[in-house]
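1. Can you look at this prediction? I've put the sequence above it.
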Amino acid sequence: MALARYMLDTNTVSYILKGQSARARRKMLTLSEEEDVCVSSITEAEIRYGLAKRPMKLELRARIERFLDAIEVLPWGSDAARAYGTSRAKLEASGKPVNNMDLLIGSHAMAAGAVLVTNDRVFRYLADSLRIVNWATDLPVRG
């Protein structure tokens, strides 16, 4: 069993696959045997949406398909739905805006007991219940 499970958000996957962040790619390639990586099925959906908008990007499509075949894609289920409901109500009550897709991914990471790998500042609103790390420290922080 892994000591650390990392769930990559959509932007992190993009940085790794497009070669935009050498540090994120290096971290992905140098994980120990006690660490594993996954993505949410929500992230897979966002990636596939991006591909559908750019059908001529055949090389990128092949790279993404290889990546998705090699990594665990966690299904979004009831535990994630519970975490989402609680988090969304809490954030709305405090007036903190979070994009629903980001909130779905963050909630999924919480439910899976995973550390969310992101370069997106918006997840700071979930920091009290979500562990976050940024592998793309060679890029400006988003949001």
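-> On my side now, so go ahead.
2. so Arg142 sits right up against Arg121, yeah?
-> Yes: counting by C-beta atoms under 8 Å, Arg142 touches Arg121, with 6.3 Å between them. Using the backbone N, CA and C atoms, a C-beta is placed for each residue, glycine as well.
3. Leu8 and Leu130, how far apart?
-> 14 Å (C-beta to C-beta, to the nearest Å).
4. Check the gap between Leu60 and Gly113 for me.
-> For Leu60 relative to Gly113 (C-beta to C-beta), the value is 31 Å.
5. Asn100 too?
-> Going from Asn100 to Gly113 by C-beta to C-beta gives 22 Å.
6. Hmm, Asn11 is touching Asn119, no?
-> Yes: contact status for Asn11 versus Asn119: in contact at 5.8 Å, counting by C-beta under 8 Å.
7. anything in contact with each of those two?
-> Jointly contacting Asn11 and Asn119 under the rule C-beta atoms under 8 Å, 6 or more residues apart in numbering are 136, 142.
8. so who does Arg124 touch?
-> Contacts of Arg124 (C-beta under 8 Å, 6+ apart): Ile132.
9. Residue numbering should commence at 53 henceforth.
-> Taking 53 as the first residue, the last one we looked at is Arg176.
10. Relative to Asp154, how far out is it?
-> Taking C-beta to C-beta as the measure, Arg176 and Asp154 are separated by 11 Å.
11. Name the next helix or strand downstream of the longest helix seen in the chain, please.
-> Ordering each helix of the chain by length in residues (DSSP state H) puts helix 130-146 first. Once the chain leaves helix 130-146, the next helix or strand it forms, by DSSP states H and E, is helix 152-164.
12. Now do that following helix and helix 130-146, the angle between them.
-> Inter-element angle recorded for helix 152-164 and helix 130-146: 130 degrees (by axes from the mean of the first three to the mean of the last three C-alpha atoms, to 10 degrees).
13. can you map out the strands along the chain?
-> Secondary structure of the chain by DSSP state E: the strands cover 56-60, 87-92, 124-126, 167-169, 184-185.
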